[in-house]
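A.B. asks: Starting from these lines, generate the structure:
(4 chains)
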2 protein chains.
Amino acid sequence: MPRHPVSYVAVDVAAFTIADDELVVLVVERGVGPFRGALALPGGFVLPDETLEEAARRELREETGVDEPVLEQLRSYGAPARDPRARTVSVAHLAVLSEPVSPVAGTDAASAAWRAVADVRRAGLAFDHEEILDDAVERLASKLEYTAVATAFLAEEFTLAELRSVYEVVWGRPLDAGNFQRKVRASLDWVEPTGELRAAGRGRPASLFRPVKSGTAALDSPLVRSSW
Amino acid sequence: MPRHPVSYVAVDVAAFTIADDELVVLVVERGVGPFRGALALPGGFVLPDETLEEAARRELREETGVDEPVLEQLRSYGAPARDPRARTVSVAHLAVLSEPVSPVAGTDAASAAWRAVADVRRAGLAFDHEEILDDAVERLASKLEYTAVATAFLAEEFTLAELRSVYEVVWGRPLDAGNFQRKVRASLDWVEPTGELRAAGRGRPASLFRPVKSGTAALDSPLVRSSW
DNA sequence: TAAATAGTGTCTCTAAGACACTATCAT
DNA sequence: ATGATAGTGTCTTAGAGACACTATTTA
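C.D. replies: As a prediction, this is how the structure comes out:
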């Protein structure tokens, strides 16, 4: 295609999990310029034979070794000067992992680590990655309402207290345990009891549940963040 | 940036309006190969100094002359072989116009025209534009629920029957006129009465309204597509 | 007058949230 | 027993939807 401008196409990944009741995001410290030494979201260029999603999965695998994370496209960022080296369009992705797997330092990164979202916002991010992070967090909070994505933060079996905690951490406010219990048990899709219990030291043991709908499948009856 | 693959980056626009109580989309007939003669969404390559959104607005302006449409990014499409000529990533956009402005044939297009979405689906579209169209329609239906986008289909002043018709056309089902009336009037953001009436032949004249929130601003209280 | 369209009243049903209560565990 | 956590009951309130009704116009 003659006379048409070309561009670099990258993928960046905002990968989240929960550690110590805090929402944490995977960041790398840039080992090369531009923004050398600054924090950034993991990412890289799309290879000739990859789809965008495959590229994002590969980048995340390179940093974490995780093979099948819940991952979906967020949106693309294409301000002309967002990368000072050359015109680069980034297709950002949102990923959710069930635990903060110890990250592996990748090619471009001096180091990779899980950091609390609030800390990362304070520290700042390279390129326009802070905007990407903000968009990703908002999308995540919103997807908790009407998809089954919350279970992606948890192990294969979990208690309703653990599930509720995901909502509380991401939404940043407490939910009524009783109402949450009733609401979740009433929805026939989403999760089902395994029939087993798990004792957690003191207190009545909790029923264990497993996901019915996985990943980002839509819920029949959403769990809405109320206006307040 | 040596040794990194480059790509063409295009924008495609799914531009909608309503004509004769039908949802119509702007399509062009391709004047050059590949898919010569087939229908496609209007689009083109992003220029070096444009943002993605600016490129989409430019493409739409070239086809319609419209300057300030409601327009937002939909998502990106990047299957390796989606364009047989060369690796091309398309950043699709969703636009809403208040009337089917007579289209101008652009550079790449033998002709441009507004066609009913159902017809276009039957006729088929070039590239992966049918997938883009489906995603755009679904996004549009969904945005009617929680944003003020419905007013973008209408003139500066409109009746509630006209506003309701937008919902009925996009959602493909009738809404109760009385409940719609009450719901819309109750929401303080969104629309406000101008104080004037418009007689439409027979029947009681309707109050005119104007938008308060424009474009894709979020509504305080969503107008939900019920499960049924 | 009748027909048509705009707009209101009102009833029912569902679901969310507050919060008291019961159940089952460890110590 | 006490404290802690899981889970249920129940009341209130808000909102959606169905649908009957009133209001205001043209023919």
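A.B. asks: switch to C-alpha atoms for all contacts and neighbour counts from now on
C.D. replies: Fine.
A.B. asks: Could you list the domains of chain A?
C.D. replies: A:8-139, A:149-211 (automatic domain parsing).
A.B. asks: out of those, nearest to B:Ala148?
C.D. replies: Closest of the domains of chain A to B:Ala148 is domain A:8-139, at 19.1 Å (criterion: CA to CA).
A.B. asks: Establish whether the closest one and DNA strand D are in contact.
C.D. replies: No: using CA under 7 Å from any atom of the strand, domain A:8-139 stays clear of DNA strand D, coming no nearer than 14.1 Å.
A.B. asks: pLDDT averaged over that domain - what is it?
C.D. replies: The average pLDDT for domain A:8-139 rounds to 94.
A.B. asks: Equivalent analysis for stretch A:214-221, please.
C.D. replies: Stretch A:214-221 carries an average pLDDT of 86.
A.B. asks: what separates that stretch from the chain centre, distance-wise?
C.D. replies: Put simply, stretch A:214-221 sits 16 Å off its chain's centre (CA atoms, centre = their mean, to the nearest Å).
A.B. asks: Tell me which residues of the longest helix along chain A come out buried.
C.D. replies: The residue-count maximum for a helix in chain A (DSSP state H) belongs to helix A:129-146. By neighbour count on 16 or more other CA atoms under 10 Å in any protein chain shown, the buried set for helix A:129-146 is A:129-130, A:132-133, A:135-137, A:140-141, A:143-146.
A.B. asks: quick one: the helix or strand just after it near DNA strand C?
C.D. replies: Tracing the chain past helix A:129-146, the next element assigned as helix or strand by DSSP states H and E is helix A:160-171. No: against DNA strand C, helix A:160-171 shows no contacts by CA under 7 Å from any atom of the strand, the least distance being 11.9 Å.
A.B. asks: returning to what we had before: just so I know, which of the domains of chain A lies nearest B:Phe35?
C.D. replies: domain A:8-139 (21.8 Å).
A.B. asks: Give me the distance between the two termini of that closest one.
C.D. replies: End-to-end distance for domain A:8-139, by CA to CA, to the nearest Å: 25 Å.
A.B. asks: The closest residue to A:Ile18 other than its chain neighbours: how many residues sit nearby?
C.D. replies: Nearest residue to A:Ile18, sequence neighbours excluded (CA to CA, 6 or more residues apart in numbering or on different chains): A:Val24, at 5.7 Å. A:Val24: 21 surrounding residues under other CA atoms under 10 Å in any protein chain shown.
A.B. asks: how close does A:Arg3 sit to B:Gly178?
C.D. replies: Remark: distance between A:Arg3 and B:Gly178 (CA to CA) = 57 Å.
A.B. asks: again with A:Glu59
C.D. replies: From A:Glu59 across to B:Gly178, the span is 53 Å (CA to CA).
A.B. asks: And A:Ser221, by the same measure?
C.D. replies: Computed as CA to CA, the A:Ser221 to B:Gly178 distance reads 26 Å.
A.B. asks: now swap in A:Glu156 and tell me
C.D. replies: According to CA to CA, A:Glu156 stands 48 Å off from B:Gly178.
A.B. asks: who has more neighbours, those two?
C.D. replies: Taking other CA under 10 Å, A:Glu156 and B:Gly178 do not tie; A:Glu156 has more neighbours (12 against 8).
A.B. asks: what's near enough to touch the more buried one?
C.D. replies: Residues in contact with A:Glu156 (CA atoms under 8 Å, 6 or more residues apart in numbering or on different chains) are A:210-211.
A.B. asks: residue contacts, the residue nearest to A:Ile18?
C.D. replies: Contacts for A:Val24 (CA under 8 Å, 6+ apart) come out as A:16-18, A:114-117.
A.B. asks: Check which element follows the helix or strand hosting it along the chain.
C.D. replies: Using DSSP H and E, A:Val24 sits in strand A:22-30. Once the chain leaves strand A:22-30, the next helix or strand it forms, by DSSP H and E, is strand A:39-40.
A.B. asks: What's the local residue count around A:Ser187?
C.D. replies: 14.
A.B. asks: how near is it to DNA strand D?
C.D. replies: Computed as CA to the nearest atom of the strand, to the nearest Å, the A:Ser187 to DNA strand D distance reads 12 Å.
A.B. asks: Show me what A:Val96 bridges to in the sheet.
C.D. replies: Beta-bridge partners for A:Val96, by DSSP bridges, are A:Phe16, A:Val70.
A.B. asks: so how many other residues sit close to it?
C.D. replies: Using other CA under 10 Å, A:Val96 has 24 other residues around it.
A.B. asks: Correct me if wrong: it contacts A:Ala152.
C.D. replies: Yes: between A:Val96 and A:Ala152 there is a contact at 6.2 Å, judged by CA atoms under 8 Å.
A.B. asks: got the residues of chain A near chain B?
C.D. replies: Applying CA under 8 Å from any CA of the partner chain, we find that chain A lies next to chain B at A:1, A:4-9, A:45-52, A:73-80, A:85-87, A:91.
A.B. asks: Can you say which of those residues are buried?
C.D. replies: Buried subset of the residues of chain A next to chain B (neighbour count, 16+ other CA under 10 Å): A:6-9, A:45-48, A:51-52, A:73-80, A:87, A:91.
A.B. asks: ok, A:Val169 - contacts?
C.D. replies: By CA under 8 Å, 6+ apart, the contact list for A:Val169 reads A:21-23.
A.B. asks: 10 Å - rerun?
C.D. replies: Remark: with contacts taken as CA atoms under 10 Å, 6 or more residues apart in numbering or on different chains, A:Val169 is in contact with A:18-23, A:141.
A.B. asks: Show the buried residues in those.
C.D. replies: A:18-19, A:22-23, A:141.
A.B. asks: Could you identify the most distant pair in those residues?
C.D. replies: Farthest apart among the buried ones among the contacts of A:Val169 by CA to CA are A:Ala19 and A:Ala141. That separation is 16.7 Å.
A.B. asks: coming back round to it: give me whichever of the domains of chain A is most buried.
C.D. replies: A comparison of the domains of chain A by mean neighbour count, using mean count of other CA atoms under 10 Å in any protein chain shown, puts domain A:8-139 on top with a mean of 19.
A.B. asks: Please compute how far that domain lies from its chain's middle.
C.D. replies: Distance, centroid of domain A:8-139 to centroid of chain: 10 Å (CA atoms, centre = their mean).
A.B. asks: repeat for stretch A:157-177
C.D. replies: Relative to its parent chain, stretch A:157-177 has a centroid offset of 16 Å by CA atoms, centre = their mean.
A.B. asks: What of stretch A:215-228?
C.D. replies: Distance of stretch A:215-228 from its chain centroid, counting by CA atoms, centre = their mean, is 17 Å.
A.B. asks: Can you classify the residue nearest to A:Val66 when sequence neighbours are not counted as helix, strand or coil?
C.D. replies: Sequence neighbours aside, A:Leu60 is the residue nearest to A:Val66 in space, at 7.1 Å (criterion: CA to CA, 6+ apart). Assigned with DSSP: H, G, I helix; E, B strand; the rest coil, A:Leu60 falls in the helix class.
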